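# the following block contains a protein sequence and its predicted model.
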Amino acid sequence: MLVSFNLPMPPSTNALYANVPGKGRVKTARYKVWIDEAGWELKRQWTPVPHLAGRVSMVVSLSLEARIDFDNIKAIGDLLKRMGVLDDDKQIRDLHVIEGLLSKNIVNVALRRIEERRA
């Protein structure tokens, strides 16, 4: 099963958490807004939200104009867990980040379950 959807561009990994005296690391307001918007966008495209068990391959497509480092996609894995698409972002065992979208404000995420090899 292939699951594909578009999400708003996630914030940089450096902008996900802030140090707050007496509380430690907390989610930034920007990250909380993105989680809410991205969660609703996922629900809009997939109702019910799909669930993938086992090992998963993920391809994230970015715009050529995207102002994000290729390794700044932690928020996507966290969102997939929060929304119940994955039980844990550690299920992502094969990850590809490619350029290919026309809009710099969105990312496309494609997930596929990795079938277990039988000896």
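It's in.
# can we go C-alpha only for contacts and neighbour counts from here?
OK.
# what's the nearest residue to the residue nearest the centre of the chain if we skip its chain neighbours?
Nearest to the geometric centre of the chain sits residue 76, at 1.6 Å (Cα atoms, centre = their mean). Closest residue to residue 76 apart from its sequence neighbours, by Cα to Cα, 6 or more residues apart in numbering: residue 10 at 7.1 Å.
# give the burial count for the one you found, as a bare number.
22 (other Cα atoms under 10 Å).
# thought residue 49 was touching residue 81?
No - using Cα atoms under 8 Å, residue 49 is not in contact with residue 81; the gap is 11.4 Å.
# next, the buried residues of the helix or strand where residue 76 lies.
Applying DSSP states H and E as the criterion places residue 76 in helix 74-82. Applying a neighbour-count criterion of 16 or more other Cα atoms under 10 Å, one finds 75, 76, 77, 79, 80, 81 buried in helix 74-82.
# now tell me what touches it from outside.
With Cα atoms under 8 Å, 6 or more residues apart in numbering as the test, helix 74-82 has contacts from 10, 11, 13, 16, 35, 38, 39, 86, 87, 88, 89.
# which of those has the weakest pLDDT?
Lowest pLDDT within these is found at residue 13 (87).
# can you pull out the strands in this protein?
Taking DSSP state E to define them, one finds strands in the chain at 2-8, 17-20, 24-27, 56-63, 92-101, 106-113.
# centre of the chain to the last one, how far?
Strand 106-113 sits 8 Å away from the centroid of its parent chain (Cα atoms, centre = their mean, to the nearest Å).
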